[in-house]
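In: any chance you can model this:
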Amino acid sequence: MIERLIPLGAAMLVGGTVATKMRGSRRLRDARTDKLPSSPFVPRPVVEFGFQLARMAARGAMKIGITANVCTALSVVLSVAAAVLVARGELIFGGWTLFFGSSLDTLDGIIARETGTASDAGELLDATADRINDAAAFLGLLYYYREDTLAFILVCIALVGSLLVSYVRAKGEAMTVDCAVGWMQRHERIAWICLGLLLGPVAARWIEPDAVTPRCHVLLGALAVIGFFSFLTAVQRTRLVYRALIVRRDSTRDARRA
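Out: The predicted structure follows:
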């Protein structure tokens, strides 16, 4: 039953993306999506369509009294549940659970801004939840691939790379350096790991039909892409922040000498 949602979800995504592209991006543009760098991994129309769906869901949540902090808490619960499901080998169910948990994580910021409840405390909770949500699915995969050395290493690389991307950006922003550049940002990583979890088991039925614990080569490919480009983005951001801090230091030194 759960597998039948895959073609339905794909059809909705393709249809919505095409509609977004045909309308043009003016009506669907948003300050948050405008800040995201263009990427070949999740095209701009897909991001805009997804964000509009999130805004519609946020309005519905606000009508029934769901707050931003509730969404944050629920996103953590669902992400941890997804990790457990993935660890047990229920990859498709875990992929959908992770998708809905990540969607809730998007709603909290929208609700906070729309209701005027955005605060530094809420932002701290959201950032903490983001790190838990980032790691949850990877930890589940580490257990799932515990007896497969190559797959285990790929998951480790993807996990560390993902955490580095977020850490360098947070560190840069703390030093007032904007480094929202590069590919494999959080929404891209979530999209790719969800696709890997959903499509990996389906493809495994043809690629490795007799396997007791399928390797799910499509999922491994997604993890390889996430790992490589996460590390590339982390290096790119570190270089950007480092150079900006060096320029700032030299400017301050010259100003003191003058």
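In: where along the stretch 151-258 of the chain do the helices fall?
Out: 186-207, 217-257 (DSSP state H, counting those that start in this stretch).
In: and the ones you listed as a markdown table, adding distance to residue 94, mean pLDDT and mean neighbour count?
Out: For the C-beta atoms, the positions are set from N, CA and C on the backbone; glycine is no exception. As requested, the helices of the stretch 151-258 of the chain are arranged in a markdown table below (distance: least, Cβ to Cβ, whole Å; pLDDT from 0 to 100; neighbours: other Cβ atoms under 10 Å):
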| stretch | distance to residue 94 | mean pLDDT | mean neighbour count |
| --- | --- | --- | --- |
| helix 186-207 | 6 | 92 | 20 |
| helix 217-257 | 11 | 92 | 16 |
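In: take those helices and write them to a markdown table, including distance to residue 143.
Out: Listed next are the helices of the stretch 151-258 of the chain as a markdown table, based on distance: least, Cβ to Cβ, whole Å:
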| stretch | distance to residue 143 |
| --- | --- |
| helix 186-207 | 14 |
| helix 217-257 | 14 |
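In: what sits against the nearest residue to residue 66 once chain neighbours are set aside?
Out: Spatial nearest neighbour of residue 66, chain neighbours left out: residue 111 (7.2 Å); criterion: Cβ to Cβ, 6 or more residues apart in numbering. Each residue near residue 111 by Cβ atoms under 8 Å, 6 or more residues apart in numbering is listed here: 58, 61, 62, 66, 67, 68, 71, 117.
In: out of the residues you listed, which end up buried?
Out: For those, a neighbour count by 16 or more other Cβ atoms under 10 Å gives the buried set as 58, 61, 62, 66, 67, 68, 71.
In: residues in contact with stretch 211-229: which ones?
Out: 41, 89, 91, 141, 144, 147-148, 150-151, 154-155, 157-158, 161-162, 182-184, 189, 192-193, 195-197, 199-201, 203-204, 207-208.
In: so which of the contacts of residue 111 sit within helices?
Out: Of the contacts of residue 111, the ones assigned to helices by DSSP state H are 58, 61, 62, 68, 71.
In: ok and the one helix or strand residue 129 maps to relative to helix 217-257, angle-wise?
Out: Under the criterion of DSSP states H and E, residue 129 resides in helix 120-144. Angle of helix 120-144 versus helix 217-257, following axes from the mean of the first three to the mean of the last three Cα atoms, to 10 degrees, is 140 degrees.
In: quick check: angle from helix 120-144 to helix 186-207?
Out: 20 degrees.
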